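> structure for this input, please:
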Amino acid sequence: MPFGYNRKAPYLLMMANRYSHAKQMKRKRKMLKQLKTLVGGPDVSRY
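Got it, this is the predicted structure:
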């Protein structure tokens, strides 16, 4: 993984959790979609 991905993946996960807490599910879904694309696996869907 290039350096940028190592910094972006935790950020996307953090933002998805923030959106989830604030009941903003469409924004959460958008972050998780980016995260799944970035990481490249279905194991992220449990978050």
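> C-alpha only now, for contacts and for neighbours.
Will do.
> report all helices and strands that the longest helix seen in the chain contacts.
As assigned by DSSP state H, the longest helix anywhere in the chain is helix 3-21. With contacts defined as 3 or more CA pairs under 8 Å, 6 or more residues apart in numbering; DSSP states H and E, helix 3-21 has these neighbours: helix 25-39.
> the helix it packs on vs helix 3-21, what angle?
Put simply, helix 25-39 runs at 160 degrees to helix 3-21, going by axes from the mean of the first three to the mean of the last three CA atoms, to 10 degrees.
> show me what helix 25-39 is packed up against.
helix 3-21.
> for the residue nearest to residue 32 when sequence neighbours are not counted, the count of nearby residues, please.
Taking CA to CA, 6 or more residues apart in numbering, and ignoring the residues beside it in sequence, residue 32 has residue 16 as its nearest neighbour in space, at 6.4 Å. The local packing of residue 16 (other CA atoms under 10 Å) involves 24 other residues.
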